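Participant: Provided below for reference: sequence and predicted model.
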Amino acid sequence: MKEIIAIIRREKTPETKKALEELGFPSLTLQAVEGRGKQKGDTCIEMDSDFPESFCTAVKLKPTPSSYALEHNLTKVALFVPKRMLTIIAPDNMVKDIVNKIIEINSTGRHGDGKIFVCPIERAIRVRTGEKDEEAIL
């Protein structure tokens, strides 16, 4: 058995849950989390390359703390980006399919697509019935 921990974009959560259910894994734990990667939470780099300079004005967005700091020669604020963390316990023979499906659904090719961690599980017990290991997770 393995524990699959996937940290993904919030907007990809419904599509990911549906795909996992279609694979036969409707059971998962979902948590709202915040974090940052190599970009230290800065999403302005992506916006600058993809949107015209008038983008913020056109859609009436307030400047992010990061973009405000850049515009005013201040030290950039280290931001934490909201994400979703899915935890799935699966039999060893299904891990590859689950991981591949999560990658397929969540890959945009841009910074912030997320991370997946696969860890061994020593034991699983269903509290209600006392079932153990794979019987407890399926």
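Facilitator: Looks like it came in fine.
Participant: and for the lengthiest helix in the chain, what are the contacting residues?
Facilitator: When the chain is parsed with DSSP state H, its longest helix is helix 92-106. For helix 92-106, the surrounding residues in contact (C-beta atoms under 8 Å, 6 or more residues apart in numbering) are 1-2, 4, 6, 8-9, 12, 15-16, 19-20, 23-25, 86, 88, 90, 113-114, 116, 118. Heads up, the C-betas are built off the backbone N, CA and C, glycines and all.
Participant: Out of the residues you listed, which sit inside helices?
Facilitator: If you go by DSSP H, these have E15, T16, A19, L20, L23 in helices.
Participant: Relative to P82, which of those residues is nearest.
Facilitator: Nearest to P82 among the ones in helices among the contacts of helix 92-106 is T16, at 15.5 Å by C-beta to C-beta.
Participant: how deep is the closest residue in space to the closest one that isn't next to it in sequence tucked in, by neighbour count?
Facilitator: Of all residues not flanking T16 in the chain, I105 sits nearest, at 5.0 Å (C-beta to C-beta, 6 or more residues apart in numbering). Here the number of neighbours of I105 (other C-beta atoms under 10 Å) works out to 17.
Participant: Likewise for G112?
Facilitator: 17.
Participant: Does A136 belong to a helix, a strand or coil?
Facilitator: The local conformation at A136, judged by DSSP: H, G, I helix; E, B strand; the rest coil, is helix.
Participant: and it, what is it in contact with?
Facilitator: A124, I125, R126, T129.
Participant: roughly how far apart are it and Q31?
Facilitator: As judged by C-beta to C-beta, to the nearest Å, A136 and Q31 stand 21 Å apart.
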